[in-house]
Every structure is written in C-alpha cells, then in structure tokens.
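Chemist: Quick one, what's the 3D model for this:
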Amino acid sequence: MKKEEIKELSTKELKERLEVAEKEYLQQKINHSISPLDNPAKITADRKMIARMKTELRARELNIK
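Modeler: Next up, the predicted model:
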C-alpha cells in the first residue's frame, strides 16, 4: 500500500487495516523467532507500513482539532 492509497482510505477503514496489519506483524515476529522466514525483510516493510498508517491517523486527528 502506498502513501496515496493510505490517504484515500476513510478513517474507519484505516483503523481497521492498521489493526489487521499490527496483528500480522506480531505473528510474523513470533514465527520468525521460532523458524526463520523466507523473506525477513517483510518484517521491516510491515513495520514501516504500520508507521505510515499511524502517521496518517495522527495527521487527521490534528487537522480535526
């Protein structure tokens, strides 16, 4: 998901996707600690995507106030 796609989502959709992404990220970290993943760089990419989503939510929150 790109920044433009994140900005197009409604706040409700963004919160839902953030929740799902965080669950997947935590599951990947657990799986990676047990047995190495095929692509460990995906963990880093997911963490960055979560940060982008949180940044957009925070920007919307500040614009509302």
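Chemist: Against which helices or strands is the worst-scoring helix or strand of the chain on mean pLDDT packed?
Modeler: Across the helices and strands of the chain, mean confidence by mean pLDDT, DSSP states H and E is lowest for helix 3-8: a mean of 89. Under the contact criterion of 3 or more Cβ pairs under 8 Å, 6 or more residues apart in numbering; DSSP states H and E, helix 3-8 touches helix 41-64. Quick note: C-beta positions are derived from backbone N, CA and C, even for glycine.
Chemist: Okay, buried residues for the least confident helix or strand of the chain please.
Modeler: Within helix 3-8, the residues scored as buried using 16 or more other Cβ atoms under 10 Å are Ile6.
Chemist: Export that helix to PDB, keeping only CA atoms.
Modeler: Output of helix 3-8 as PDB, limited to C-alpha atoms (Å, rounded to 0.1, in the frame of the first residue of the first chain):
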ATOM      1  CA  LYS A   3       1.000   6.700   0.800                       C
ATOM      2  CA  GLU A   4      -1.600   7.900  -1.800                       C
ATOM      3  CA  GLU A   5      -3.700   4.800  -1.100                       C
ATOM      4  CA  ILE A   6      -3.500   5.400   2.600                       C
ATOM      5  CA  LYS A   7      -4.700   9.000   2.200                       C
ATOM      6  CA  GLU A   8      -7.700   7.800   0.100                       C
END
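Chemist: List of residues touching it?
Modeler: Here helix 3-8 makes contact (Cβ atoms under 8 Å, 6 or more residues apart in numbering) with 14, 52-53, 56.
Chemist: just stretch 48-58 next, same as before
Modeler: Contacts of stretch 48-58 (Cβ under 8 Å, 6+ apart): 1, 3, 6-7, 11, 14-15, 17-18, 21-22, 25.
Chemist: from the contacts of helix 3-8, which two are the most distant?
Modeler: Leu14 and Arg52 (10.2 Å; Cβ to Cβ).
Chemist: Many thanks, I have nothing further to ask.
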